[in-house]
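# Sequence and predicted structure are below.
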Amino acid sequence: MSPACARIRVDRVAVRDHLPATRVEWLVRDHVPGRTRGLPGEPRVNVVEIDTVPWEPTEGDRGPGADRGGRPPTW
(Lines give C-alpha, C1' and ligand atoms only; values in the text may rest on other atoms or scores of the structure.)
Protein backbone atom coordinates (compact mmCIF):
# COMPACT_ATOMS: atom_id res chain seq x y z
CA MET A 1 0.00 0.00 0.00
CA SER A 2 1.35 3.45 -0.80
CA PRO A 3 2.06 5.88 2.05
CA ALA A 4 -0.52 8.29 0.56
CA CYS A 5 -3.21 5.59 0.59
CA ALA A 6 -2.30 4.62 4.16
CA ARG A 7 -2.53 8.27 5.30
CA ILE A 8 -6.02 8.47 3.79
CA ARG A 9 -7.05 5.41 5.82
CA VAL A 10 -5.57 6.55 9.17
CA ASP A 11 -8.73 8.26 10.43
CA ARG A 12 -10.99 5.42 9.31
CA VAL A 13 -8.79 2.79 11.00
CA ALA A 14 -8.48 4.89 14.17
CA VAL A 15 -12.26 5.37 14.47
CA ARG A 16 -13.05 1.74 13.71
CA ASP A 17 -10.48 0.40 16.21
CA HIS A 18 -11.14 3.13 18.82
CA LEU A 19 -7.53 4.31 18.79
CA PRO A 20 -5.98 7.79 18.68
CA ALA A 21 -5.21 8.76 15.08
CA THR A 22 -1.73 9.89 16.14
CA ARG A 23 -0.83 6.32 17.15
CA VAL A 24 -2.05 4.93 13.84
CA GLU A 25 -0.09 7.65 11.99
CA TRP A 26 3.00 6.66 13.95
CA LEU A 27 2.58 3.03 12.89
CA VAL A 28 2.29 4.07 9.25
CA ARG A 29 5.41 6.24 9.41
CA ASP A 30 7.35 3.52 11.24
CA HIS A 31 6.55 0.86 8.63
CA VAL A 32 7.72 2.50 5.41
CA PRO A 33 10.92 0.58 4.64
CA GLY A 34 13.68 2.03 2.52
CA ARG A 35 14.36 0.94 -1.00
CA THR A 36 15.28 -2.73 -1.37
CA ARG A 37 18.99 -3.01 -2.20
CA GLY A 38 18.91 0.52 -3.57
CA LEU A 39 16.60 -0.46 -6.42
CA PRO A 40 14.27 2.21 -7.76
CA GLY A 41 10.62 1.98 -6.95
CA GLU A 42 7.82 3.64 -5.08
CA PRO A 43 7.79 3.73 -1.26
CA ARG A 44 5.28 1.41 0.34
CA VAL A 45 3.78 0.77 3.76
CA ASN A 46 4.23 -2.78 5.01
CA VAL A 47 0.72 -3.35 6.38
CA VAL A 48 1.51 -7.00 7.15
CA GLU A 49 4.14 -5.82 9.64
CA ILE A 50 1.67 -3.33 11.12
CA ASP A 51 -0.89 -6.10 11.57
CA THR A 52 1.64 -8.22 13.49
CA VAL A 53 3.15 -5.53 15.75
CA PRO A 54 2.49 -6.18 19.47
CA TRP A 55 0.06 -3.50 20.65
CA GLU A 56 0.10 -2.11 24.16
CA PRO A 57 -2.99 0.03 24.85
CA THR A 58 -2.48 3.34 26.65
CA GLU A 59 -4.94 5.56 28.52
CA GLY A 60 -5.77 7.26 25.20
CA ASP A 61 -6.98 3.96 23.75
CA ARG A 62 -10.55 3.36 24.84
CA GLY A 63 -13.64 1.57 23.70
CA PRO A 64 -14.05 -1.99 22.52
CA GLY A 65 -11.04 -1.76 20.22
CA ALA A 66 -8.73 -0.94 23.13
CA ASP A 67 -8.96 -4.48 24.42
CA ARG A 68 -7.28 -5.99 21.39
CA GLY A 69 -5.24 -8.64 23.18
CA GLY A 70 -1.95 -7.04 22.11
CA ARG A 71 -3.00 -6.69 18.44
CA PRO A 72 -2.48 -3.48 16.43
CA PRO A 73 -5.10 -1.88 14.18
CA THR A 74 -5.96 -3.86 11.06
CA TRP A 75 -6.15 -2.50 7.54
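Right, received. Where do you want to start?
# number of nearby residues for Gly38?
6 (other CB atoms under 10 Å). The C-beta positions use only the backbone N, C-alpha and C, and glycine is treated the same way.
# go on, Glu42?
8.
# So, low pLDDT: which residues of the chain?
For the chain, the stretches flagged by pLDDT under 70 are 36, 54-75.
# Try it again at 50.
64-65 (pLDDT under 50).
# show me where it has helices.
3-16, 21-30, 47-52 (DSSP state H).
# Now render the ones you listed as TSV, adding distance to Leu39 and mean neighbour count.
Formatted as TSV, the helices of the chain follow (distance: least, CB to CB, whole Å; neighbours: other CB atoms under 10 Å):
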stretch	distance to Leu39	mean neighbour count
helix 3-16	18	15
helix 21-30	22	16
helix 47-52	19	14
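# Between those helices, which one is closest to Gly38.
helix 3-16 (19.0 Å; CB to CB).
# so what secondary structure elements neighbour the closest one?
helix 21-30 (3 or more CB pairs under 8 Å, 6 or more residues apart in numbering; DSSP states H and E).
# circling back: want to throw the helices of the chain into a markdown table with distance to Pro40?
Listed next are the helices of the chain as a markdown table, based on distance: least, CB to CB, whole Å:
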| stretch | distance to Pro40 |
| --- | --- |
| helix 3-16 | 16 |
| helix 21-30 | 22 |
| helix 47-52 | 22 |
